[in-house]
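J.: Below are the sequence and a predicted model for it; my questions follow.
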Amino acid sequence: MNFVATERTQNSIKLSWNAPVMSESTTIGGYSLSYKETDTTSPPVERMVPNTSPSVSWTVIGLNDCTKYEFILTAKSSDEVYCDPLKSLKVMTMPEPPTPVAKLSVSSADSNQILVEITPSDVSTRCSLPIAYRIMLLQGSKEINQIQTQMTRYAFTSGLQPNIQYTVTVKTVHMGEDLTSSAKTVDVQTAAASSNRPQPPNNLNASDVMADAIRISWSKPTSGAVSAYNVFYTDGNETGLVKIKESTTTSFLITALRPCTEYSITLQTVATVQEIDYLSEKTGVIKVKTANPVPSTPSSITLTQISETAINIKIPFDAASKCGSVVYALALFRRVNGRAVTVLNKYPTAGGNKLTKLNQLLDPYTSVAVNDLEPGYIYYANVANQDSESGKRGDLVQSADLFLLPDGLFT
């Protein structure tokens, strides 16, 4: 039936579908369309929609903005009998536009930099979608550069000329919906060219890489004054700018990063002369990928006897994994005279043997059956989540003991 939403507003959704293929003796007389908010227990609203075969469309009005609805469509034959197929569709109405930024500050203390600082609006909206800022740099009507970021401080450092007037515009954006606020606009003129421009740093490298941070190191410029450094980093979607005010340092920890994400990093020297910041060229870009995090700990592990010689091991699906694929490190033990004897050992290495989470969309658990066990003994298992790429393993969880009943006692 190709049941789809073709248009959305804050208070309406237009639905379209094709008439289903029925037997020659059956004629579609119309459709039953019911809908309700997905996060409420209130009864659905039902509407009868006439048949305008071969295609049908219907606009549902009077909806709440930024709300997800579930629509259920059932074909109805001309003799008032409901018939298959039944189609279900979940759609969210559009949110109201985001509020503009409260304040936009733009400055240019050097001929090759325009610094943009944003004060976010403190006006809340009913819809809690993530917010970003679309920053455009214009020379007259010509667009020089554009960036979308969640950072509130950004510097344009390329394509600029001395003593030229530029215009900076900023719009607030609802991420995912590409819905923007009205623009806040400020004009700025770059400074005149200066002989005070410092030399760039040397030998930029990543000296330590973590899941949420990267430590960079560098060598000081071979000549010229140094007052501070600017660190630029981006993952392609968000761009960060940090000013390091310690002129003698040659390392810095970039924090609040995303795990297993590649960042492009550059560095710039700042020389302050008579309260004006002069900027060097940027260093070459280094690309660094943050590490995969240590996986979370499984909430539990359960052993169940399924025959005289077999045990089923039930492990919860790790829905909290942040990146990559999570596999299971699993071991089964038998207690013999106070000792633990290993029966099964599946501790995969990165890229090696994997106990993957099969059918994870249908079943929140993974079950592993272990056969050919010796009855009359106590068994227990250990399990941990393990990252499939790095091999990092979370904390082990131990199951309760299970006595494997011998033949004749297990039913």
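T.: Nice, thanks for sending it over.
J.: residue boundaries of the strands in the stretch 151-300 of the chain?
T.: For the stretch 151-300 of the chain, strands defined by DSSP state E, counting those that start in this stretch occupy the ranges 153-156, 165-174, 179-180, 184-189, 202-209, 214-219, 228-234, 239-244, 251-254, 262-273, 276-279, 286-289.
J.: Which residue is the nearest non-sequential neighbour of Glu281?
T.: Residue nearest to Glu281 in three dimensions, not counting chain neighbours: Pro200, with 5.1 Å by CB to CB, 6 or more residues apart in numbering. The C-beta positions use only the backbone N, C-alpha and C, and glycine is treated the same way.
J.: Please work out how many residues are found near the one you found.
T.: When neighbours are counted by other CB atoms under 10 Å, Pro200 registers 21.
J.: so how far is Val270 from it?
T.: 11 Å (CB to CB, to the nearest Å).
J.: tell me the SS of Arg373?
T.: For residue 373 the amino acid is Leu, not Arg. coil (DSSP: H, G, I helix; E, B strand; the rest coil).
J.: Next up, the contacts around it.
T.: For Leu373, the contact set (CB atoms under 8 Å, 6 or more residues apart in numbering) comprises Thr309, Ala310, Ile311, Arg334, Val343, Tyr379, Leu404.
J.: repeat that with 10 Å
T.: By CB atoms under 10 Å, 6 or more residues apart in numbering, the contact set of Leu373 is Gln305, Ser307, Glu308, Thr309, Ala310, Ile311, Leu332, Arg334, Val343, Leu344, Tyr379, Leu404.
J.: Ile135 too?
T.: Neighbouring residues of Ile135 by CB under 10 Å, 6+ apart: 104, 106, 116, 118, 145-149, 151, 154, 156, 168-171, 239.
J.: Could you list the low-pLDDT ranges of the protein?
T.: Residues of the chain that meet the criterion pLDDT under 70 lie in 1, 21-26, 51-55, 78-86, 237-238, 317-326, 347-365, 408, 410-411.
J.: Now do the domain split for it, please.
T.: 4-92, 103-189, 202-289, 302-403 (automatic domain parsing).
J.: Could you name the stretch from the ones you listed that's closest to Ser195?
T.: Ser195 lies closest, by CB to CB, to one member of these: domain 202-289, at 9.1 Å.
J.: From one end of that closest one to the other, what's the distance?
T.: Length of domain 202-289, first residue to last, CA to CA, to the nearest Å: 21 Å.
J.: chain center to stretch 384-395, what's the gap?
T.: 20 Å (CA atoms, centre = their mean, to the nearest Å).
J.: Run through the neighbouring helices and strands of the strand or helix carrying Ile315.
T.: Element membership for Ile315 (DSSP states H and E) is strand 310-316. Packing partners of strand 310-316 (3 or more CB pairs under 10 Å, 6 or more residues apart in numbering; DSSP states H and E): strand 302-307, strand 326-336, strand 339-346, strand 365-370, strand 378-387.
J.: Tabulate the ones you listed (TSV), appending mean neighbour count and distance to Ser195.
T.: Formatted as TSV, these follow (neighbours: other CB atoms under 10 Å; distance: least, CB to CB, whole Å):
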stretch	mean neighbour count	distance to Ser195
strand 302-307	15	74
strand 326-336	20	57
strand 339-346	13	67
strand 365-370	16	67
strand 378-387	22	52
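J.: Which one of those lies nearest to Arg47?
T.: Judging these by CB to CB, what sits closest to Arg47 is strand 365-370, at 39.6 Å.
J.: tilt between the closest one and strand 339-346?
T.: Orientation of strand 365-370 against strand 339-346 (axes from the mean of the first three to the mean of the last three CA atoms, to 10 degrees) gives an angle of 120 degrees.
J.: Given strand 365-370, what are its sheet partners and their directions?
T.: strand 310-316 (antiparallel) (DSSP bridges).
J.: Give the buried residues for the partner strand.
T.: Ala310, Ile311, Ile313, Lys314, Ile315, Pro316 (16 or more other CB atoms under 10 Å).
J.: mind listing what the fourth one touches?
T.: Going back to what we said before, that points to Lys314. 300-304, 363, 365-368, 381, 383, 399.
J.: How about the third one?
T.: Contacts were defined as CB under 10 Å, 6+ apart; by that measure Ile313 touches 301-304, 328, 330, 332, 344, 355, 366-370, 379, 381, 383, 399, 402.
J.: can you tell me how far the closest residue to it other than its chain neighbours sits from Pro130?
T.: Once flanking residues are discounted, Ile313 sits nearest to Val368: 4.5 Å by CB to CB, 6+ apart. From Val368 across to Pro130, the span is 38 Å (CB to CB).
J.: And Thr38, by the same measure?
T.: 20 Å.
J.: Could you do Thr167 as well?
T.: 27 Å.
J.: got it, and Thr169?
T.: 21 Å.
J.: Please apply the same query to Phe333.
T.: Distance from Phe333 to Pro130, by CB to CB: 46 Å.
J.: What of Val285?
T.: Distance from Val285 to Pro130, by CB to CB: 27 Å.
J.: what about the two, which has more around it?
T.: Legend: neighbour count by other CB under 10 Å for Val285 and Pro130, higher for Val285 (14 against 10).
J.: my guess is that one meets Leu204, correct?
T.: Yes - judged on CB atoms under 10 Å, Val285 makes contact with Leu204 at a distance of 8.8 Å.
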